[in-house]
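Student: Got a predicted model here, sequence first, then my questions.
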Amino acid sequence: MKLSEKSLQRLFAGGHVAKGSIYFLVGTFALATVIGAARSSNGPKAIIDWVSGNPFGQLILGLLGAGLAAYALWRFYLAAFDPAEESDDNKGKVKRIGWVVSGLAYAGLAVYAFQRLISNGGSKETKKDLIAALLEQSWGHIAVIVIGVVVIGTGCYQLYRAVTDRHMEQIKEFELNEEKRMAFRDAGRVGLSARFVVYGIMGYFLIRTGLTSDTGKFRALGEALSFLEGGTVSSALLALVGTGLMAYGLFMFVKARYGVPS
């Protein structure tokens, strides 16, 4: 069933606010680690855990879970109905697959948030457990390597979008003055470049995991950021990436306000 334009806009806006909140907090913790205000960088699930333990955490967690679910539903909707009619060729079909994968990832985060909300304890299943289960298969190491290559490719696509300003395509630029447009464009560029670095690190460790069949090599988002901790050069890079992820979070807020859900 196709959604009305108003309903689709609500899914789009709510989903991007939740996604932006997660990325902004991930970036904040990364930056705080560099200056000594936090002990370690955190990934999305650790952020959800942190939110649940704060004042008004249950209320915020409920809103965050609803927003993540909205984002997942929006991605599934794109895959099912393709409102921009981009799936006629092979490139469009790849996009649909990407939307489904993205939807599944954010649906998993939404479920985790609701589990924390209901029972004050999230799922014990981790990405590392899933990788380990995959490696138990005779073809598992090849699959993990392929996933790593895909992750690196996704990171490269993030950089391509930053360089070509493709990230501004869904923004209603006619509603912005030149100063805001430039600021939003630059925030998106910095944010997407930071995602390129993070995806590159995760993809590299996925490939190493597949080659060695050792799940200890795997790094999720938070662990990929932790890899940059320690040492002058790596800490400087972590600060840059953290700032970039904060910028990406802010750009998601911009999309929620000025974006077109297509």
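Tutor: It's in.

Student: From now on I want contacts and neighbour counts done on CA atoms only, so please keep to that.
Tutor: Noted.

Student: So in the chain, which helix runs the longest?
Tutor: Using DSSP state H to define each element, the chain has its longest helix at helix 178-212.

Student: For that helix, what is the distance to the chain centroid?
Tutor: Averaging C-alpha positions (Cα atoms, centre = their mean, to the nearest Å) puts helix 178-212 10 Å from its chain's average.

Student: Do me a favour and average the pLDDT over that helix.
Tutor: Computed over helix 178-212, the mean pLDDT rounds to 93.

Student: And that helix, what's buried?
Tutor: Within helix 178-212, the residues scored as buried using 16 or more other Cα atoms under 10 Å are 181, 184-210.

Student: Could you do stretch 214-221 as well?
Tutor: In terms of neighbour count (16+ other Cα under 10 Å), stretch 214-221 has its buried residues at 215, 217-221.

Student: just checking, which of those belong to helices?
Tutor: Judged by DSSP H, the buried residues of stretch 214-221 include Leu221 as members of helices.

Student: Strands of the stretch 1-150 of the chain, start to end?
Tutor: With DSSP state E, counting those that start in this stretch as the definition, the stretch 1-150 of the chain shows no strands.

Student: now the helices: where do they sit in it?
Tutor: Secondary structure of the stretch 1-150 of the chain (DSSP state H, counting those that start in this stretch): helices at 5-35, 44-52, 57-81, 90-119, 127-135, 140-164.

Student: who does the second one touch, helix- and strand-wise?
Tutor: Same thing as helix 44-52. Using 3 or more Cα pairs under 8 Å, 6 or more residues apart in numbering; DSSP states H and E, the elements in contact with helix 44-52 are helix 5-35, helix 57-81, helix 90-119.

Student: any idea of the mean pLDDT in the first one?
Tutor: For helix 5-35, mean pLDDT is 92.

Student: in this protein, what spans have low per-residue confidence?
Tutor: Residue ranges of the chain with pLDDT under 70: 1, 39, 83-90, 120-128, 230-233, 262.

Student: repeat that for 80
Tutor: Residue ranges of the chain with pLDDT under 80: 1-2, 36-41, 82-95, 119-130, 215-224, 226-234, 262.

Student: quick one: furthest residue from the center of it?
Tutor: Distance from the C-alpha centroid of the chain peaks at Ser138, with 30.0 Å (Cα atoms, centre = their mean).

Student: can you give me phi and psi for it?
Tutor: Per-residue torsions, Ser138: phi -60, psi -30 (degrees, to the nearest 10).

Student: mind listing what's buried in stretch 150-169?
Tutor: 151-162, 167-168.

Student: if I pick the nearest residue in space to Phe184 that is not next to it in sequence, what's in contact with it?
Tutor: Of all residues not flanking Phe184 in the chain, Phe251 sits nearest, at 6.5 Å (Cα to Cα, 6 or more residues apart in numbering). For Phe251, the contact set (Cα atoms under 8 Å, 6 or more residues apart in numbering) comprises 20, 184, 187-188, 191.
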